[in-house]
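> With the input below, show me the fold.
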Amino acid sequence: MSLSHALMTSLLEKSSSGYDLARRFDKSIGYFWRATHQQIYRELARMEKAGWISSEAAPDGGRTRKKIYRVLDAGRAELERWAREPAPLVDMRDEFMVRLRADAVIGPLGLHAEIERRLALHSTKLAAYRAIETRDFPAEQVLTREARIQHLILQTGIMYEQSWVHWCQEALKVLQDDEPAALAPPPTADAQ
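From the prediction side, this is the model:
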């Protein structure tokens with residue numbers, strides 16, 4: 001995925017200035033696709049040059065250099081083309097897993113603090129996702145198709161963070177226990 005596709009998706013939701021787009025991006029798509037504000041502004045310029053978006057001066061009487069961006073037909077066509085392509089699976093590449101493997105080979109390396117740090121980070125993000133879910137998707141509310149899809153995306157984040165919280169808790173138990181143990185079966189879908 002390129003940043004341009006993420007930005008066009010956000011602009012189709014609501015035309016906005018670069019600043020407002022960057023702020024909205026941080027609060028939604030930014031949870032699973034990171035970009036700095038500088039990257040966003042550079043990409044907006046590139047997309048405008050490609051003819052995917054256009055900009056016009058903000059209706060503030062010329063007091064600022066603020067531009068409002070909107071997606072053009074060519075940008076919408078590009079987003080539709082991209083969205084229909086098969087998405088590659090993301091390979092896990094986590095340096096900490098190699099460190100943990102080194103702990104298994106060399107012996108205790110004192111990795112508890114790092115796992116506790118990760119547990120805290122994942123727990124915090126999980127709490128944030130659950131707060132968003134409570135705020136934006138109350139159980140008694142009837143959701144539109146668009147809202148159900150947005151909720152589905154949020155649920156992916158919740159499940160991801162839940163799995164890391166569970167893994168960190170399990171890893172702390174394993175590192176604290178020097179005794180051999182039988183391999184526990186993986187959790188079932190019912191257990192979550």
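> quick one: buried residues of stretch 3-21?
3-11, 15-18, 20-21 (16 or more other CB atoms under 10 Å). C-beta: built from backbone N, CA, C; applies to glycine.
> Repeat that for stretch 126-133.
Neighbour-count burial for stretch 126-133, counted by 16+ other CB under 10 Å, picks out 126, 129, 132, 133.
> quick one: which of the residues you listed is nearest residue 52?
Taking CB to CB as the measure, residue 52 lies nearest residue 132 of the buried residues of stretch 126-133, at 29.4 Å.
> Turn the buried residues of stretch 126-133 into TSV, including distance to residue 56, secondary structure and pLDDT.
Compiled in TSV, those are given as follows (distance: CB to CB, whole Å; DSSP: H, G, I helix; E, B strand; the rest coil; pLDDT from 0 to 100):
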residue	distance to residue 56	secondary structure	pLDDT
126	41	helix	96
129	36	helix	93
132	32	helix	92
133	36	helix	93
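> before we move on, back to that, out of the buried residues of stretch 3-21, which sit inside helices?
Among these, DSSP state H puts 3, 4, 5, 6, 7, 8, 9, 10, 11, 18, 20, 21 in helices.
> what bits of this protein have low per-residue confidence?
For the chain, the stretches with pLDDT under 70 are 1, 60-64, 178-184, 189-192.
> Please enumerate the strands of it.
16-17, 53-57, 67-71 (DSSP state E).
> Out of these, the one nearest residue 119 is which?
Of the strands of the chain, nearest to residue 119 by CB to CB is strand 16-17, at 36.5 Å.
> Output the contacting helices and strands for that closest one.
For strand 16-17, the elements it packs on are strand 67-71, judged by 3 or more CB pairs under 8 Å, 6 or more residues apart in numbering; DSSP states H and E.
> Report the distance from the strand it packs on to the chain centre.
Its chain's average C-alpha position is 24 Å from that of strand 67-71, according to CA atoms, centre = their mean, to the nearest Å.
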